[in-house]
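Participant: Structure of the sequence below:
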Amino acid sequence: MSRLREWPDDNRHWRTALVAVVVACSIFPLVGWCSVAPLPSGVGVGVASSQDLPLPPAGLHRAAAKALRGEFGPLQPWQEKAWRAVVRGHVARHQCWLTHYGPPHHPHGDRTRWGYRCSESTIAANKLPPHSLVILELPRGYEVRRVEDMGAKSNDRRARRHGAAFWCDRWHPRPQGAYNIRIWRMK
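Facilitator: Predicted coordinates for the structure are as follows:
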């Protein structure tokens, strides 16, 4: 209340409006104007399934909603964990210098440095913790990968020269070029 008395006289209209809002917020619930109407009989309160919820606008959250609905097929538990982290907002966006590796030097099933088999879920990174999950924002959509390998330290320097915070090496059956992309890392 002491702050209200300190306001200059030319702000008395604002002071009056503020007092009116405070009074209204304390009286309306007592009168019943702000009460919640009861549900009609026969209408239960339930949790909507992911199929019933509307899709968010285009982008990462839309892809997460579609993945959790099963529109891309069944998810592995680690993939579901990554998409749920997106829905909860537990991801951080970074720039990444993405390179590719694969056959003939590393065929499908070949062992990584940490003993994992090379597959479409494998990604190598030096600055990301082992087993961490990343979502790649590729030109054709999003892709969830697990950090299961690492590479030479010179890759991190190359990534910095390209303005990226991280270097990632994506295993792919048909290796492609190198380019800057956005990645989403679990917090």
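
Participant: mind checking the SS state of Arg85?
Facilitator: Rather than Arg, residue 85 is Ala. With DSSP: H, G, I helix; E, B strand; the rest coil as the basis, the three-state label of Ala85 is helix.

Participant: ok, it touching Met186?
Facilitator: Yes: the pair Ala85 and Met186 passes the contact test of Cβ atoms under 8 Å, sitting 5.0 Å apart. Using the backbone N, CA and C atoms, a C-beta is placed for each residue, glycine as well.

Participant: can you list residues touching both of the two?
Facilitator: Between them, Ala85 and Met186 share the neighbouring residues Val91, Leu133, with contact defined by Cβ atoms under 8 Å, 6 or more residues apart in numbering.

Participant: Just the residues contacting stretch 81-97, thanks.
Facilitator: Contact with stretch 81-97 is made by 60-61, 63-65, 67-68, 75, 133-136, 144, 155, 158-159, 162-168, 178-187, as judged by Cβ under 8 Å, 6+ apart.

Participant: Buried residues in that stretch, which are they?
Facilitator: Of the residues in stretch 81-97, those buried by neighbour count under the rule 16 or more other Cβ atoms under 10 Å are Ala82, Trp83, Ala85, Val86, Val87, Val91, His94, Cys96, Trp97.

Participant: With stretch 144-158 instead?
Facilitator: Across stretch 144-158, burial judged by 16+ other Cβ under 10 Å covers Val144, Arg145, Arg146, Val147, Glu148, Asp149, Met150, Gly151, Asn155, Asp156.

Participant: hang on, the last one in a strand?
Facilitator: No: judged by three-state DSSP, Asp156 forms no part of a strand; its state is helix.

Participant: Which pair of the buried residues of stretch 81-97 spans the longest distance?
Facilitator: Maximum pairwise distance among the buried residues of stretch 81-97 (Cβ to Cβ): 27.6 Å, between Val87 and Trp97.

Participant: what ranges do the helices span in the chain?
Facilitator: Assigned by DSSP state H, the chain shows helices spanning 2-6, 12-31, 60-69, 77-88, 154-161.

Participant: Can you flag the weakest of those helices by average pLDDT?
Facilitator: Per-segment confidence across the helices of the chain bottoms out at helix 2-6, which has a mean of 43 in mean pLDDT.

Participant: Tell me how this structure divides into domains.
Facilitator: Domain assignment for the chain, taken from automatic domain parsing, gives 2-31, 60-186.

Participant: just these: most buried one?
Facilitator: domain 60-186 (a mean of 16; mean count of other Cβ atoms under 10 Å).

Participant: Just the CA coordinates for stretch 169-187, please, in CSV.
Facilitator: In CSV, the C-alpha atoms belonging to stretch 169-187 read as follows (Å, rounded to 0.1, in the frame of the first residue of the first chain):
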residue,chain,number,x,y,z
ASP,A,169,29.3,-38.2,-37.3
ARG,A,170,26.2,-40.0,-38.5
TRP,A,171,26.4,-43.7,-39.5
HIS,A,172,24.5,-44.2,-42.7
PRO,A,173,24.4,-47.0,-45.3
ARG,A,174,25.0,-44.5,-48.0
PRO,A,175,27.3,-41.9,-46.5
GLN,A,176,26.6,-38.3,-47.6
GLY,A,177,28.5,-35.0,-47.4
ALA,A,178,29.1,-32.7,-44.4
TYR,A,179,27.0,-29.7,-43.5
ASN,A,180,25.8,-27.6,-40.6
ILE,A,181,22.5,-28.6,-39.0
ARG,A,182,20.6,-28.0,-35.8
ILE,A,183,20.5,-30.8,-33.2
TRP,A,184,18.4,-31.1,-30.1
ARG,A,185,20.2,-32.6,-27.1
MET,A,186,18.5,-33.9,-24.0
LYS,A,187,19.1,-31.6,-20.9
